[in-house]
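S.K.: fold the stuff below for me.
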Amino acid sequence: GFELSLTSGNWREILGAPNLAGIAMNEQQSLQIPSVYACVTVLSKTLASLPLFVYKRLNEDGKIRAPDHPLYSLLHDEANPEMTAMVWRETACGHLYLWGNSYSEIEYDEMWQPKALWPLRPDHTWAERDAKTGELQYSTLIAKTNQVIHLPAWRVLHVPLFGFDGLVGKSPVRLMMDTFGMTAATIQYGAQFFGSGAKASGVLTHPGTLSQPAQDRLREAFDAKYSGMTNAHRTMVLEEGLKYERVGIPPDEAQWLESRKFNRSEIASIYGVPPHLIGDLERSTNNNIEHQGIEFQTITMRPLCVRFEQELSRKCLSAKEKQKYFIEHNMDGLARGDMSSRYDAYSKAINGGWMCPDEARRKENQNPMPNGQGQVFRIPANVMPAGVSEAFWLAKTVGKGDEASGLSETPTTQNPPADPVSGSSV
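M.R.: Numbering: from 1, shown residues only. A predicted model of the protein is given here:
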């Protein structure tokens, strides 16, 4: 069974590990930090919304979608009877960027083809070696029955983040515990500050001498009546010569907002998310946002896509199938610019001869042109492969080209040119 003891270390996973900020933090608690939630959801929904297809290899490095393959519908439509493909992929990516590992059980049919993909809780699943055979296996805890089930490696789709053994990834929350804890402490401080009426502490002065119980009763009565947002603007009534002196906000407390901005930027850098995607537009301009989007696609999303593609191919395709099929994301959606830029790019591609009109229409979710008109490739007349130009111009000046060009094989007899000075023939 699954034991919880102070010596096993499991309590750290549930209650959260301590940090220098003094706030216990675990993966689920980290989602209460707005910048963490924003980063994880941006990465998860971006990956989940990218089209993921099974392709069949064609001759000469070509490819075509393979909708007849059993894995195609699992990745594109429905991962299991209870989840769409997007929900499963979004969940798996969320597990990956919180716990550093994404686990899913692969269910096979009677023909040993993948039938369903079921996500496993990463906080209840771990990789280990069999004590007798030394083979890799995965163990997962079923919370309802408190039973641990052992699964062979080929039954588990495991996508890890960066790690040290090449097998298990490291949790960003655990690695950056102090950064996450400091951010949570900053949020907690702000909540307490505004909860006290957004006012700094003050000093009550009494002309006489009060005993300790009297001081405690006075403090409790004053806080109950004048602290909190609902009492922020109430008029104070002081008796027996009491005086209230407000203490100004110290300079270090005045930097609270700057600390929030710094923490948000630092967490965005941990996850490789451009700041403008999580609402930080302080240093964003129209020019650098475009370049940040390109970097997000190439540096963050591309490696993430490859992680899932390679693990899916490794676990869900047989050795024979890998020779004919492969799994790949279509990342064209991330590279979509504004309408004017897209149409300009299509025009250059079509007129350059390496894209036909129907291919451009397909990218814009439009139907092909009728009667196969959109399947014709256009080649500029002034551009041709080297070595063809000589034959082309020869054809233009011989045979049918003679009529169009006014030239013939036998030169016509013409009078010699006149002398430019005398006007007589030479």
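
S.K.: does the closest residue in space to residue 352 that isn't next to it in sequence sit in a helix, a strand or a coil?
M.R.: Among residues not flanking residue 352 along the chain, residue 380 sits closest, at 7.5 Å (CB to CB, 6 or more residues apart in numbering). (C-beta placed from N, C-alpha, C; glycine too.) Following DSSP: H, G, I helix; E, B strand; the rest coil, residue 380 is assigned to coil.

S.K.: so what's residue 380 up against?
M.R.: For residue 380, the contacting residues are 351, 352, 353, by CB atoms under 8 Å, 6 or more residues apart in numbering.

S.K.: next, residue 144: secondary structure please.
M.R.: Secondary structure for residue 144, judged by three-state DSSP, is coil.

S.K.: which residue ranges of the stretch 251-400 of the chain form helices?
M.R.: 251-254, 256-271, 286-295, 302-316, 319-322, 339-352, 357-363, 389-397, 400-405 (DSSP state H, counting those that start in this stretch).

S.K.: with mean neighbour count, distance to residue 216 and mean pLDDT added, can I get those helices in JSON lines?
M.R.: Shown next, in JSON lines, are those (neighbours: other CB atoms under 10 Å; distance: least, CB to CB, whole Å; pLDDT from 0 to 100):
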{"stretch": "helix 251-254", "mean neighbour count": "9", "distance to residue 216": "26", "mean pLDDT": "55"}
{"stretch": "helix 256-271", "mean neighbour count": "16", "distance to residue 216": "29", "mean pLDDT": "82"}
{"stretch": "helix 286-295", "mean neighbour count": "12", "distance to residue 216": "55", "mean pLDDT": "78"}
{"stretch": "helix 302-316", "mean neighbour count": "17", "distance to residue 216": "57", "mean pLDDT": "95"}
{"stretch": "helix 319-322", "mean neighbour count": "11", "distance to residue 216": "75", "mean pLDDT": "92"}
{"stretch": "helix 339-352", "mean neighbour count": "13", "distance to residue 216": "69", "mean pLDDT": "83"}
{"stretch": "helix 357-363", "mean neighbour count": "16", "distance to residue 216": "73", "mean pLDDT": "86"}
{"stretch": "helix 389-397", "mean neighbour count": "11", "distance to residue 216": "100", "mean pLDDT": "66"}
{"stretch": "helix 400-405", "mean neighbour count": "11", "distance to residue 216": "109", "mean pLDDT": "48"}
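
S.K.: go through those and name the closest to residue 48.
M.R.: helix 302-316 (10.4 Å; CB to CB).

S.K.: convert the C-alpha atoms of that closest one to CSV, please.
M.R.: Output in CSV follows, covering the C-alpha atoms of helix 302-316 (Å, rounded to 0.1, in the frame of the first residue of the first chain):
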residue,chain,number,x,y,z
ARG,A,302,9.1,23.1,-31.0
PRO,A,303,11.1,21.1,-28.4
LEU,A,304,7.8,20.4,-26.5
CYS,A,305,6.2,19.0,-29.7
VAL,A,306,9.2,16.8,-30.4
ARG,A,307,9.1,15.4,-26.8
PHE,A,308,5.5,14.1,-27.4
GLU,A,309,6.1,13.1,-31.0
GLN,A,310,9.1,10.9,-30.3
GLU,A,311,7.5,9.2,-27.2
LEU,A,312,4.3,8.5,-29.1
SER,A,313,6.3,7.0,-32.0
ARG,A,314,8.4,5.0,-29.6
LYS,A,315,5.5,3.5,-27.6
CYS,A,316,2.6,3.5,-30.1
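
S.K.: change the start of the numbering to 58 and stick with it
M.R.: Happy to do that; since the first residue is 58 now, the last one works out to helix 359-373.

S.K.: show residues contacting that helix.
M.R.: Applying CB under 8 Å, 6+ apart, the contact partners of helix 359-373 are 100, 104, 107, 109, 128, 132, 146, 149-150, 153, 163, 171, 211, 213-216, 379, 383-386, 388.

S.K.: mind checking which of the residues you listed are in strands?
M.R.: 109, 163, 171, 213, 214, 215, 216, 383, 384, 385, 386 (DSSP state E).

S.K.: among these, who's most crowded?
M.R.: For the ones in strands among the contacts of helix 359-373, the largest neighbour count, defined by other CB atoms under 10 Å, is 24 neighbours, found at residue 384.

S.K.: pretty sure that residue contacts residue 133?
M.R.: No: look at residue 384 against residue 133 with CB atoms under 8 Å: they stay out of range, at 10.6 Å.

S.K.: and for the two, which residues touch both?
M.R.: Shared contacts of residue 384 and residue 133, defined by CB under 8 Å, 6+ apart, are found at 109, 110.

S.K.: returning to that earlier point: and the ones in strands among the contacts of helix 359-373 as a markdown table, adding distance to residue 270 and pLDDT?
M.R.: Below are the ones in strands among the contacts of helix 359-373 laid out as a markdown table (distance: CB to CB, whole Å; pLDDT from 0 to 100):
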| residue | distance to residue 270 | pLDDT |
| --- | --- | --- |
| 109 | 69 | 93 |
| 163 | 68 | 96 |
| 171 | 72 | 93 |
| 213 | 63 | 96 |
| 214 | 65 | 96 |
| 215 | 62 | 96 |
| 216 | 62 | 96 |
| 383 | 78 | 94 |
| 384 | 73 | 95 |
| 385 | 74 | 94 |
| 386 | 69 | 93 |
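
S.K.: of all the helices of the stretch 308-457 of the chain, which one is nearest residue 223?
M.R.: Taking the helices of the stretch 308-457 of the chain one by one with CB to CB, helix 359-373 is closest: 12.8 Å.

S.K.: let me know the angle separating that closest one from strand 213-217.
M.R.: Orientation of helix 359-373 against strand 213-217 (axes from the mean of the first three to the mean of the last three CA atoms, to 10 degrees) gives an angle of 160 degrees.

S.K.: all helices for the stretch 58-207 of the chain, in order.
M.R.: Taking DSSP H, counting those that start in this stretch as the criterion, the stretch 58-207 of the chain carries its helices at 67-72, 84-87, 91-106, 127-133, 142-156.

S.K.: looking at those helices, which one is packed in the most?
M.R.: helix 142-156 (a mean of 22; mean count of other CB atoms under 10 Å).

S.K.: skipping adjacent residues, who's closest to residue 387 in space?
M.R.: Spatial nearest neighbour of residue 387, excluding adjacent residues (CB to CB, 6+ apart): residue 108 at 4.2 Å.

S.K.: now do residue 107
M.R.: That would be residue 386: by CB to CB, 6+ apart, it lies 4.8 Å from residue 107.

S.K.: was I right about the one you found contacting residue 108?
M.R.: Yes: between residue 386 and residue 108 there is a contact under CB under 8 Å: 6.9 Å.

S.K.: sorry, back to before: any chance of the helices of the stretch 308-457 of the chain in JSON lines, plus distance to residue 92?
M.R.: Output for the helices of the stretch 308-457 of the chain, formatted as JSON lines (distance: least, CB to CB, whole Å):
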{"stretch": "helix 308-311", "distance to residue 92": "21"}
{"stretch": "helix 313-328", "distance to residue 92": "4"}
{"stretch": "helix 343-352", "distance to residue 92": "16"}
{"stretch": "helix 359-373", "distance to residue 92": "19"}
{"stretch": "helix 376-379", "distance to residue 92": "40"}
{"stretch": "helix 396-409", "distance to residue 92": "31"}
{"stretch": "helix 414-420", "distance to residue 92": "34"}
{"stretch": "helix 446-454", "distance to residue 92": "60"}
{"stretch": "helix 457-462", "distance to residue 92": "69"}
